[in-house]
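In: The sequence isn't on hand, but the structure is:
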């Protein structure tokens, strides 16, 4: 599959990499749409203070589930979804009190961890949110 990698400010490459394997608690998503936000532009220009290179961008995303881990329930093959891009520790004081946006180890996919800019993306099912089935903005390509 192809994966986008920004190797330096203003330098984007596309690499051929293996489709990720999923764990028992993950889903594999075929990426259908990715948004570009102001933070992505800052990364492109080398102005994002919390991102280093190389980085695979992509955190505003929608896609379709193509594989389910054996412990995953509540989702189906072909279901349209989006993901929560924040990666939190779940252990610090803010996390223990439901304030995940203040996690002491907060990372965001596409900035401090690998983002979704690839054909497929493996992610914990707990980070997946279903989209309405009548969503007209995603069509199989």
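Out: Okay, I see it. Every value quoted in this text rests on a predicted model; they were computed, and no experiment measured them.
In: contacts, neighbours, all on C-alpha from now
Out: Fine.
In: All the helices of this protein, residue numbers only.
Out: Taking DSSP state H as the criterion, the chain contains helices spanning 38-44, 93-96.
In: As a markdown table, the ones you listed with mean pLDDT would be great.
Out: Formatted as a markdown table, the helices of the chain follow (pLDDT from 0 to 100):
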| stretch | mean pLDDT |
| --- | --- |
| helix 38-44 | 93 |
| helix 93-96 | 96 |
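In: Reformat those helices as JSON lines; add distance to residue 115 and mean neighbour count.
Out: Shown next, in JSON lines, are the helices of the chain (distance: least, CA to CA, whole Å; neighbours: other CA atoms under 10 Å):
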{"stretch": "helix 38-44", "distance to residue 115": "11", "mean neighbour count": "16"}
{"stretch": "helix 93-96", "distance to residue 115": "22", "mean neighbour count": "14"}
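In: for those, which one sits closest to residue 56?
Out: The closest approach between residue 56 and any of the helices of the chain, judged by CA to CA, belongs to helix 38-44 at 10.5 Å.
In: Find the centremost residue of this structure, please.
Out: Most central in the chain under CA atoms, centre = their mean is residue 116, positioned 4.1 Å from the mean C-alpha point.
In: pLDDT weak spots in this structure?
Out: The model of the chain has pLDDT under 70 over residues 135-141.
In: burial measure for residue 74, as a count.
Out: The local packing of residue 74 (other CA atoms under 10 Å) involves 6 other residues.
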